[in-house]
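Student: Provided below are the primary sequence and the corresponding predicted coordinates.
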Amino acid sequence: MARPRAEDYDDKKQLILDQAAVLFSQKGFAGTSIATISKFCNTSKALIYHYYQSKETLLFDMLHSHCSLLLATATDTANGEGSAEQKLRKLLELFMDIYVTSRDKHVVLLNDLHWLPEDQQIEIRDLERRVVRIFRDLITDIRPNLSEPTRLALSMSILGSLNWTYIWFKPDGILSPKTFAEITANNFLSGIKIYLE
């Protein structure tokens, strides 16, 4: 008979993911060993291997869960109440919250995806593409007369304005995540409303 899971199984697994994300973001995936992760988590290598067969499976789980959260947030917002403009504003606010609270995982996504096997990279990139499509569809609803290449470029542009905030944005600074999201939304929406192809 299979041994039942401990009640704190998911909590311990999440702790490993969160702590490994800190190390990967600081030292890089290649510069972090399972031994380093176990020491940082104040646990044994055996426990790490109980949850993850390898460092690569840990990385995949980390990136897949992060991108799945982004996709679920985008999907729920797009399917919610309000106009396309209201949804876009809300989505920028929610994404900034995620980027601030999951900063380390986002850094790892931007810097270390290439360490995964090709099929897993494709799976992660598919999640990212689905997020971009949701932004593109909202932009299409706001400015349906723009061409498809332009709508895609605008989607990548607005996501890019958030993606790299980890380099400079200080969550405890004068500018709050919500305020920055509002500024980004105002600049973007003002721009596309007057844009002519």
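Tutor: Good, I have the coordinates. The structure displayed is predicted, hence computed values, not measured ones.
Student: Now do the helices in the chain.
Tutor: 9-27, 34-40, 45-51, 55-78, 84-101, 103-112, 118-142, 148-163, 177-194 (DSSP state H).
Student: What helices and strands are in contact with the third one?
Tutor: Using 3 or more C-beta pairs under 8 Å, 6 or more residues apart in numbering; DSSP states H and E as the contact definition, the elements that helix 45-51 packs against are helix 9-27, helix 34-40. From N, CA and C alone the C-beta is placed, and that goes for glycine too.
Student: swap in the fifth one?
Tutor: For helix 84-101, the helices and strands in contact under the criterion 3+ C-beta pairs under 8 Å, 6+ apart are helix 55-78, helix 118-142, helix 148-163, helix 177-194.
Student: Relative to the whole chain's centre, how far out is the first one?
Tutor: To tie it back to what came earlier, the one meant is helix 55-78. Centroid separation for helix 55-78 versus its chain: 6 Å, with C-alpha atoms, centre = their mean, to the nearest Å.
Student: Poorly predicted segments of this structure, please.
Tutor: Segments of the chain classed as low confidence (criterion: pLDDT under 70) are 1-9, 196-197.
Student: switch to 80 and redo it
Tutor: Within the chain, the stretches with pLDDT under 80 are 1-10, 195-197.
Student: Ramachandran coordinates for F169?
Tutor: Backbone torsions of F169, given as degrees, to the nearest 10, read phi -70, psi 130.
Student: Quick one, which of the helices and strands packed on helix 45-51 gets closest to L152.
Tutor: Of all the helices and strands packed on helix 45-51, the one in closest proximity to L152, counting by C-beta to C-beta, is helix 9-27 (28.7 Å).
Student: Just want the angle from the closest one to helix 103-112.
Tutor: 60 degrees (axes from the mean of the first three to the mean of the last three C-alpha atoms, to 10 degrees).
Student: Check which residues of helix 9-27 are buried.
Tutor: By neighbour count on 16 or more other C-beta atoms under 10 Å, the buried set for helix 9-27 is K12, I16, L17, Q19, A20, A21, V22, L23, F24, S25.
Student: Noted, bye for now.
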